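Asks: The sequence and its predicted three-dimensional model are supplied below.
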Amino acid sequence: MERTIIEVAIPVPVHHTFSYLVPYRLEEEIRLGQQVLCPFGARKEFGYVVGIKKGAAKDGLKEIASIAGPEPIVAEGLLSFLRKLSWYYHSPLGEVMRTAVPLASIDRRLEKKEKVYIFERFPERPFKSVKSGAILEFLSGREYASRGEILSMFHSPDSNLKALIKTGCVRAEMRRVIRDPFKDFADRKTEKIRLNQAQKAVASSIVSSLGNGYCGFLLYGVTGSGKTEVYIEAISHVVESGKGAIMLVPEIALTPQMTRRFYDVFGGKIAVLHSMMNDGERYDTFSRIRRGDAKVVIGARSAIFAPLKEIGIIVVDEEHDASYKQEEKVRYNARDMALMRGAIEGCPVVLGSATPSLESFSNVRAGKLKFLSLPERVESRALPDVEIVDMRFEEDVEGERLFSKRLLAELSDVIARGEQAIIFLNRRGFANFFLCKDCGNVVECPQCGISMTYHRKIEKLLCHYCDFALDAASSCPKCESLNISLVGFGTERVEEALKFLLPGANVGRLDSDSATSGGLKKILNAFTEKRLSVLVGTQILAKGHDFPDVTLVGVLLAELGLKFPDFRASERTFQLLTQVAGRAGRGDKPGKVIIQTYDANHYTLRHILSGDYNGFIAQEDRLREERGYPPYRFLSLIEFIGKGIAETRESAGFAVSALSGIRSKLGFRHQDLAILGPSMAPLFRLKGKARGQVLLKAKNRDALHEALDRFTAQIENIKKSSIKVIVDVDPVNLM
Ligand code: ADP
Ligand code: ZN
Ligand code: ZN
């Protein structure tokens, strides 16, 4: 007897799907993409139907318990995308589904219901109460109204409503309502921006590709060149044709400004996905997308999974940004997956940036991406002037060297002119670390082995990796000496110093300490409205913001990011500093950038000084080729996380032998697939765990995927059960 057998992806860390029988009573109802409840060991688990076939029931095959809902949770297009993603990242399909479909988005209990009043009929004789008559008149003109809506028209209407219901003229009912995410947005008239020649040319290349299947673009546009307007133009065409669009931005760029700009153009057709929304808002936003009410989905990386019915374009702004890479569970990069989803859905994909990644440039050379460029700022505004100040030759002021004379002079001028300045330092806190001058002790995090940063406002030492906190003592915790010194400085210290040095100016600070719970919006608003004239901040400040009155950007300790043991350290620093510099002079007045550093001759900073992006890319690209890194090699980092250093290293060692075996079975040589390690990670102790690693470097992707396929299939036999193994394809974080 033939039975219906389904493949179910269950969100557990196992590298295969599970087969189940469908009970006869459910055979008619089962669909691809549905959520089902399955017996799983001694418990029951929810999973997703990813395959349906007819066949003979094998022994021991269990039946599913139920179907969670008739509607498929993921449509077929999205399912093929998720399958491919699961293959690419060697991540179990069930976990991929769990990542792509937030639980809140399918939890019916989150539907918001509200009592509404519905018109039934007019009475035979008019009411005595004029108010009741008026309410009935009001209701007769619309499908229904909530009590709130009635209350906004009529004073204390409850007794009238009661009477109306009693006569049968009005009926009350519980209805589902959608929470309005834009209730704080008043409609405003905005001038329509007319694209300039360069923007038009770029937009028309993209627009003419719409509807013709997949095509990838790299849009290189300097900061302030008007990329956003180009995206809006292309997306408008897509929306007119009835299709949807995905607009990815780094989480940090999800500023009210950006949302507002899209709302001005597309109104309630936009849906914004971000990490701060509550479950109810998430549920409603997803249902607006699934039903096709929302056509333009704007969001950080996870918006790449948006369940739009038909996708006409995918845009990835600031494509080089590291925040597109998810660093937990399924380690996908939304930028790369945008290209994959575009290929599956058959639509163009635009990657935009003022500082594109070396990977994307290499894809242009390989003919995989079409190159578009906006080499100038809008309205012929100049890019800011950049100066480098070599801090080695500056003098200490009261034993410290925070600001150069040059920067202080410029700051005073800017404030005197009533303009604004941004001071950028990519380190939060007050002092970098606590040093005992008697015994040399530096207070370190007991869980991570990293020096702890002093935060004055809360009088605590914090670990920036795990948030472990210690009360800041006035003596050395080791030898009790009082001879403690605070070494290095962070944004908190800089803010304090500027308040002292610039008594007439209002100085604010924006970093992850001050940006919590509404702080971000408040501080950005204060700066936009010019209640603050100087804003000190970390990389939160670097991207996307458009403050027309900022004419000076100061960068402190520009070399900080160059010291990381990571092959992308230079590229990241270049990108970050270019973005920061790009905040200056976006309005009518020209901008200036002053970069303070102790490493003024570093090639990265020299290229920033000359504004020579192509020169930097060429030099960096050569180094990558010489040293065998992306885009010339494909990497995968295999991490081993355990309790002790010895057992973790041992596991990594077993993995290396297994991988060498796999390599020779597959007939690859060392040059095709290098296996580096076992070694301990640069942060070998993190959050109380030991971290070992093995790095794979392959000449082509197929070799990497084949080796990883075999490796993940054997993983359970290779590792001890106490060790967690993580496969990270195209790793971004090598620390
Ligand atoms: P980018 O994303 O390339 O850094 P934006 O899209 O934020 O640049 O544009 C920078 C500024 O220029 C914004 O204030 C924007 O409103 C304005 N702008 C964009 N295009 C035009 C145009 N064609 N004419 C006038 N102003 C424009
Ligand atoms: Zn001491
Ligand atoms: Zn820590």
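Replies: In hand now; what should we look at? Ligands and ions are numbered 1, 2, ... in the order given.
Asks: Next, the buried residues of the longest helix seen in the chain.
Replies: Longest helix in the chain by number of residues, with DSSP state H as the criterion: helix 645-665. Using 16 or more other C-beta atoms under 10 Å as the test for burial, helix 645-665 gives 647-652, 654-656, 658-659, 662-663. C-betas here are computed from N, CA, C, even on glycine.
Asks: Between those residues, which sits nearest ligand 3?
Replies: Set against ligand 3, the nearest of the buried residues of helix 645-665 by C-beta to the ion is residue 648 (17.4 Å).
Asks: quick one: the closest one and residue 642 touch, right?
Replies: Yes. With contact defined as C-beta atoms under 8 Å, residue 648 counts as touching residue 642 (4.0 Å).
Asks: List the residues that are in contact with both of the two.
Replies: By C-beta atoms under 8 Å, 6 or more residues apart in numbering, residue 648 and residue 642 have these common neighbours: 690, 692, 723.
Asks: Looks like the first one contacts residue 645 (just checking).
Replies: Yes. If you go by C-beta under 8 Å, residue 690 and residue 645 touch, sitting 4.5 Å apart.
Asks: Between these two, which contacts overlap?
Replies: 680, 684.
Asks: Would you reformat the shared contacts of residue 648 and residue 642 as a markdown table and include pLDDT and neighbour count?
Replies: Formatted as a markdown table, the shared contacts of residue 648 and residue 642 follow (pLDDT from 0 to 100; neighbours: other C-beta atoms under 10 Å):
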| residue | pLDDT | neighbour count |
| --- | --- | --- |
| 690 | 93 | 20 |
| 692 | 93 | 27 |
| 723 | 92 | 21 |
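Asks: Restricted to strands, list those residues.
Replies: In this view, the shared contacts of residue 648 and residue 642 that belong to strands under DSSP state E are 690, 692.
Asks: Nearest to ligand 2 among the shared contacts of residue 648 and residue 642?
Replies: Of the shared contacts of residue 648 and residue 642, the one sitting nearest to ligand 2 (C-beta to the ion) turns out to be residue 690, at 27.2 Å.
Asks: That closest one and ligand 3, how far apart?
Replies: Using C-beta to the ion, to the nearest Å, one gets 14 Å for the distance from residue 690 to ligand 3.
Asks: which residues sit in contact with that residue?
Replies: Residues in contact with residue 690, defined by C-beta under 8 Å, 6+ apart, are 641, 642, 643, 644, 645, 647, 648, 680, 684.
Asks: Check residue 262 too.
Replies: So residue 262 contacts 232, 247, 270, 296, 298 (C-beta under 8 Å, 6+ apart).
Asks: thinking again about what came up before, CSV for the buried residues of helix 645-665, including distance to residue 505 and pLDDT?
Replies: As requested, the buried residues of helix 645-665 are exported to CSV (distance: C-beta to C-beta, whole Å; pLDDT from 0 to 100):
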residue, distance to residue 505, pLDDT
647, 56, 91
648, 51, 92
649, 53, 91
650, 58, 91
651, 56, 92
652, 53, 93
654, 60, 94
655, 56, 95
656, 57, 96
658, 61, 95
659, 58, 96
662, 62, 96
663, 62, 96
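Asks: Go ahead and name everything in contact with the longest helix of the chain.
Replies: The contact list for helix 645-665 (C-beta under 8 Å, 6+ apart) reads 638, 640-642, 670, 672-673, 675, 677-680, 684-685, 690-694, 696, 707, 710-711, 714, 718-720, 722-723, 725.
Asks: how about a cut-off of 7 Å?
Replies: Helix 645-665 is contacted from outside by 638, 640-642, 673, 675, 677-678, 680, 684, 690-694, 707, 710-711, 714, 718-720, 723, using C-beta atoms under 7 Å, 6 or more residues apart in numbering.
Asks: What of stretch 45-53?
Replies: 4-10, 17-18, 30-38, 68, 73, 79, 93-94, 97.
Asks: Of those, grab the buried ones for PyMOL.
Replies: For the buried members of these, the matching PyMOL selection, counting by 16+ other C-beta under 10 Å, is:
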select buried, resi 4+5+6+7+8+9+10+17+18+30+32+33+34+35+36+38+68+73+79+93+94+97
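Asks: Among the contacts of stretch 45-53, name the ones in helices.
Replies: Of the positions in the contacts of stretch 45-53, 79, 93, 94, 97 sit in helices, assigned by DSSP H.
Asks: tally of neighbours for the closest residue to the last one other than its chain neighbours?
Replies: When the adjacent residues along the chain are set aside, residue 97 lies closest to residue 48, with 4.8 Å between them (C-beta to C-beta, 6 or more residues apart in numbering). With neighbours defined by other C-beta atoms under 10 Å, the count for residue 48 comes to 29.
Asks: Ok, residue 367 next?
Replies: That count, for residue 367 with other C-beta under 10 Å as the rule, works out to 8.
Asks: ok so it is a strand residue?
Replies: No. Residue 367 is assigned coil when assessed by DSSP: H, G, I helix; E, B strand; the rest coil, not a strand.
Asks: So which residues on the protein come close to ligand 2?
Replies: Within reach of ligand 2 by C-beta under 5 Å from the ion, the chain has these residues: 436, 438, 439, 441, 476, 478, 479, 481.
Asks: hmm, 8 Å instead?
Replies: Residues of the chain that fall close to ligand 2, judged by C-beta under 8 Å from the ion: 436-441, 476-481, 483-484.
Asks: What about the residues you listed, which are in strands?
Replies: 436, 484.
Asks: helix/strand/coil for the nearest residue to residue 636 once chain neighbours are set aside?
Replies: In space, and not counting its chain neighbours, residue 636 is closest to residue 696: 4.5 Å by C-beta to C-beta, 6+ apart. Using three-state DSSP, the three-state assignment for residue 696 comes out as strand.
Asks: go on, residue 421?
Replies: Look at residue 421: counting by three-state DSSP, its state is strand.
Asks: Tell me which residues touch the nearest residue to it once chain neighbours are set aside, please.
Replies: Counting by C-beta to C-beta, 6+ apart, residue 552 is the residue found nearest to residue 421 once chain neighbours are left out, at 4.1 Å. Applying C-beta under 7 Å, 6+ apart to residue 552 gives the contacts 410, 411, 414, 421, 584, 592.
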